[in-house]
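1. just coords:
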C-alpha cells in the first residue's frame with residue numbers, strides 16, 4: 001500500500017525497523033543472483049552495410065558493474081551457428097548514456113533540496129555528461145508510479161533552466177517500490193536512442209518500501225533482468241530516528257548491489273562523483289568486426305561471448321540486404337599512422353578502395369563520400385573510387401576514423417568498416433600507401449634532385465637491358481629483371497629476351513647431340529643462318545600460357561581466390577598490392593605487397609622471393625636468393641596463402 005509522506009511515524013520506531021527489515025529480507029533473495037553473477041556482455045547495435053564484414057557495437061561489465069575492456073578480452077563470434085573469421089576490435093563508438101534521476105522529496109528532507117539540485121546540475125556538465133551525446137531525465141516518486149518532471153534532454157542549459165524553479169517537498173501519499181518498478185518496466189518507451197547506455201540514480205531516504213504489488217527486492221531483481229544499474233544516493237531525513245535512517249540506507253545499498261550499481265551518501269561528494277564517473281565510463285562502446293562466409297541477403301543470428309567466460313554472452317539478429325554493395329578501404333595496418341607538425345593546414349591523402357556486390361553482379365555507383373570522424377569531408381568521383389585523393393581538415397591528434405560510403409544505382413547504400421588512422425604530432429611522415437601528389441615533393445630542390453635520379457635510373461635500365469638479353473638469369477638474381485619488366489615500354493623487349501634465351505638453349509642442346517654422334521676426329525661445321533627458320537632444328541615452340549602452361553592450385557587463402565590460377569605470362573608476380581602484383585591476395589596482411597615471382601625460363605619455371613617480410617617457402621623450405629626450379633606438385637607458402645604448382 002502507499003504511505004503518506006506526512007505520516008511516517010504512526011508506527012513506533014522499533015516496530016517500523018522490524019517491519020522494514022522483514023520485507024527487505026523477503027525480497028532480498030531474488031536480487032542476490034544479480035550480485036553473484038559473473039561478467040556480462042551486451043550488443044548495443046549492429047551494422048551489415050559493409051557485408052560480408054559485419055560490424056557490432058558492444059560493451060561489458062564485471063560482477064560489480066564496472067566496465068570491461070573488450071579490447072583486452074578475446075571475443076568469440078558465432079554467425080549462424082558457425083565460428084566467424086577475422087574477429088577484430090576496431091576502435092570505439094560513442095553510443096552515449098541516458099541517466100534517469102528519481103528524486104524522493106518527503107517533508108523531512110527540506111534542508112537537502114539545494115544539495116539534491118546541485119548534485120544533478122553537477123552531473124549535467126562536462127566531463128560527467130557530454131552535451132548532445134548523453135541524455136538526462138528527471139522523475140519524482142509518486143503514489144503508484146514515478147511522475148515525470150523533465151523529459152529526456154541532451155543539453156546542459158535545459159537542465160539548468162529546469163531548476164530555475166526550485167524543487168518542492170511532497171505531502172501526498174507515495175510509494176518508492178511501486179514507482180521504481182513501474183519506471184523500470186517502461187524505460188524502453190522513454191529511451192531517446194535504442195543503443196544508449198541506461199541507468200537510474202535514486203535520491204531518497206530509502207523508506208516507504210511497503211507495496212501491495214511488489215516486494216522490496218523486486219526493484220533490484222527487475223533492474224538486473226533489464227541490465228539497468230540502479231545507483232542510489234541516500235538523503236538524510238531529519239524526521240527519521242537513527243534506526244529508521246540506518247534501515248533506509250541499508251535498503252538503498254541492497255538495491256544498488258543487487259543491480260550492479262553504486263551506493264553513496266549525498267553528504268559525501270567523493271562517493272557521488274564515483275557514480276558520475278561510473279556512468280560516463282559506459283559512454284563509448286567497443287566496435288567489433290568480423291567476416292561472414294558465403295553471406296547473402298537475409299537474417300542471421302549472431303552470438304558474441306567472452307573466450308574466458310562463455311556465460312558472458314549476448315545475441316542479436318543481423319539483417320543483410322540482398323544484392324547490397326560492399327566497400328572496403330585497402331589500407332594495411334602498418335600504414336595507419338601518420339605524423340603532422342600542425343593540424344591548421346588541411347592534409348592531402350590518397351586512399352584505395354574495393355567495391356563489390358554480395359550477389360556478384362556489379363552495378364553502377366551513383367555517389368560516394370569520404371567520412372572522417374563520422375563527418376563527410378569530401379564527395380568522391382565514382383569513376384575514381386578505386387584510387388582517389390582527399391583533402392582532410394578535421395583530423396585530431398590521436399585516433400581518427402576513416403570510412404567510405406557509396407550508393408549504387410538501386411539506391412542501396414554501403415559504408416566501409418571503420419579504419420583507425422592515428423595522427424601523431426611531429427615532423428611530417430606519411431606512409432607511401434596514403435601519400436598524395438605534392439606534399440613532400442613540393443621543394444624545387446627535391447624535384448630537381450629526383451629528376452636527375454630518374455635520368456640516371458633510365459640510363460641504368462638501358463644498360464641493364466643490353467645485359468639482360470644475354471644474361472637473363474644473372475639479371476634476375478641481381479633483382480633487376482622484375483623491375484625492368486614493370487616499365488611498360490620495356491616489357492615487350494624482355495619478352496623477346498626470354499625467347500632469345502629459350503632458342504639459345506635449344507641450339508646448345510642440338511650442338512651437343514650432333515657433336516656426340518659425329519665421327520671421331522671430325523668436328524661438325526656450323527653455319528650462322530639469319531633466315532630460313534623452317535630449316536632450323538625442330539624445337540618446342542615458345543608459347544607462354546599455351547595448352548601445356550602450368551597453373552597454381554589454391555589450397556588455402558584468406559582472400560577469395562579462384563581454385564585454379566593460370567600462369568599466362570613470362571613473369572607472374574604474386575603479392576597483396578594490385579598495383580604491383582598480377583596474382584593479388586588483397587587484404588591479406590601476411591602477404592607482402594610484392595611477395596614472390598614465378599618466372600618462365602625456357603621450358604622451366606622458377607620461383608623467386610621478392611624480399612618479402614615472411615619469406616617464400618617451397619615444400620616447407622625457405623627460398624634462398626637463387627630461387628627454386630618448380631616441379632609438378634611443389635607446395636608453395638606465402639604468409640597464410642598455400643598454393644600447389646601444377647603442369648597443364
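-> Happy to help now that I have it. Owing to the predicted nature of the structure, the values given are computational and were not obtained by experimental measurement. Numbers count the residues shown, from 1 in each chain.

2. okay, which residue is most central for this structure?
-> residue 90 (2.5 Å; C-alpha atoms, centre = their mean).

3. residue contacts, it?
-> Counting by C-beta atoms under 8 Å, 6 or more residues apart in numbering, residue 90 makes contact with 55, 287-289, 417-418, 420. Backbone N, C-alpha and C define where each C-beta goes, glycine included.

4. out of those residues, who's nearest residue 365?
-> Lowest distance from residue 365 to those (C-beta to C-beta) belongs to residue 417, with 18.1 Å.

5. other SSEs contacting the strand or helix carrying residue 114?
-> Assessed by DSSP states H and E, residue 114 sits inside helix 113-123. If you count contacts as 3 or more C-beta pairs under 8 Å, 6 or more residues apart in numbering; DSSP states H and E, helix 113-123 packs onto strand 97-103, strand 135-140, helix 156-162, strand 197-204, helix 269-280.

6. and the shortest one, average pLDDT?
-> Spelled out, it's strand 135-140. For strand 135-140, the mean pLDDT works out to 98.

7. how about the third one?
-> If you average the pLDDT over helix 156-162, you get 95.

8. distance from the very next helix or strand once past it to the middle of the chain?
-> Counting by DSSP H and E, the element after helix 156-162 in chain order, helix or strand, is strand 173-174. Between the centre of strand 173-174 and the centre of its chain there are 50 Å (C-alpha atoms, centre = their mean, to the nearest Å).

9. okay, now the sheet partners of strand 173-174, with direction.
-> Using DSSP bridges, strand 173-174 pairs in its sheet with strand 3-4 (antiparallel).

10. so which of the contacts of residue 90 is the closest to residue 347?
-> Checking these against residue 347 by C-beta to C-beta gives residue 420 as the nearest, at 16.8 Å.

11. ok, that closest one touching residue 337?
-> No. When contacts are counted by C-beta atoms under 8 Å, residue 420 is not listed as touching residue 337 (9.4 Å).

12. secondary structure class for the residue nearest to the centre of the chain?
-> Look at residue 90: counting by DSSP: H, G, I helix; E, B strand; the rest coil, its state is strand.

13. equivalent analysis for residue 581, please.
-> Under three-state DSSP, residue 581 falls in the coil class.

14. what's the spacing between the residue nearest to it when sequence neighbours are not counted and residue 638?
-> Computed as C-beta to C-beta, 6 or more residues apart in numbering, the closest residue to residue 581 that is not its neighbour in sequence is residue 575, at 3.5 Å. Using C-beta to C-beta, to the nearest Å, one obtains 8 Å as the distance from residue 575 to residue 638.

15. what of residue 406?
-> 31 Å.

16. who has more neighbours out of those two?
-> residue 638 (26 against 23; other C-beta atoms under 10 Å).

17. can you pull out the low-pLDDT segments for this structure?
-> 1-37, 437-451, 455, 459, 461-548 (pLDDT under 70).

18. how does it look with 80?
-> 1-37, 210, 294, 296, 437-549, 648 (pLDDT under 80).

19. the helices in it, which residues?
-> 13-36, 113-123, 156-162, 176-185, 187-190, 218-226, 242-258, 269-280, 444-470, 472-477, 481-485, 491-517 (DSSP state H).
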